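# Below: sequence and its predicted model.
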Amino acid sequence: MKILPRGRQPSPGSGESMEEEQHVGEVRAARCTIRDTQAFLARLRDLGREFSTSIICFNAEMMAGRSHATTAVRFARRSWEAGSAIANTLEMEALLYAAGSRQCNVALRFGIHEGENQLYIWYADGNMGLWDALSALVEFCNPEIYETMDPNKRERLIELFGITSLELETLDAGATLTDLVLERVALLQVLR
């Protein structure tokens, strides 16, 4: 993925896209047990400072797949760089987008929690050193295990995002539940 300088638009015919401009970074699936959320977040902040990057952890149980995480980050980065962010940190801004809500108390459910965690972890730079450092905190796993939409997760997402029965009817026409969730993420930009 090509990284474009801040504020630079893709040039016509260059093969660059707005998605490439906004998607900088990588998302990996992981799992861990967190006994103290504040200590875990402090360690992530320390690693972020050490590697000069932001690290964002999403609760995979609340996410409609990896594309949900990457879309939330893309919109958060866009609002952050434009100076229109609601939150004080990029991490919280991404959680707000993931939740499709302007309410921090709602967005926090999309982050880490005490106990067993299934996570999508994002950070902006492909520096393998950070992934190695993070492996002391989490166990990376196959991302496909979180992509499955079992009935419980499906119902949870329908409720969390207020998806109506009329919208669910569109699923028969080729749309997916993930498409409907990503619509909610994008709508947060409009509702600001």
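That came through, no problem.
# Can you tell me the closest non-neighbouring residue to residue 101?
residue 107 (6.0 Å; CB to CB, 6 or more residues apart in numbering). C-beta: built from backbone N, CA, C; applies to glycine.
# Neighbours of that neighbour, how many?
22 (other CB atoms under 10 Å).
# Checking my notes, it in a helix, right?
Yes - judged by DSSP: H, G, I helix; E, B strand; the rest coil, residue 107 forms part of a helix.
# could you measure the residue nearest to the spatial centre of the chain against residue 124, distance?
Centroid-nearest residue in the chain, with CA atoms, centre = their mean: residue 69, separated by 2.6 Å. Here residue 69 is placed at a distance of 13 Å from residue 124 (CB to CB, to the nearest Å).
# One more: residue 50?
Applying CB to CB to residue 50 and residue 124 gives a distance of 14 Å.
# Please say which of those two ends up with more neighbours.
Here residue 50 and residue 124 are compared on neighbour count by other CB under 10 Å; more neighbours surround residue 124, at 20 against 11.
# So for that one, what's the pLDDT?
Note on residue 124: pLDDT of 79.
# which strands and helices sit next to the helix ranked longest in the chain?
Criterion DSSP state H: the longest helix present in the chain is helix 66-82. The contact analysis (3 or more CB pairs under 8 Å, 6 or more residues apart in numbering; DSSP states H and E) places helix 66-82 against helix 18-22, strand 26-34, strand 55-59, helix 90-99, strand 115-123, helix 177-190.
# I'd like the distance between the residue nearest to residue 101 and residue 130.
Relative to residue 130, and taking CB to CB, residue 107 is found at 24 Å.
# ditto for residue 38
Counting by CB to CB, the gap from residue 38 to residue 130 is 21 Å.
# I'd say the residue nearest to residue 101 and residue 91 touch.
No - using CB atoms under 8 Å, residue 107 makes no contact with residue 91, being 10.0 Å away.
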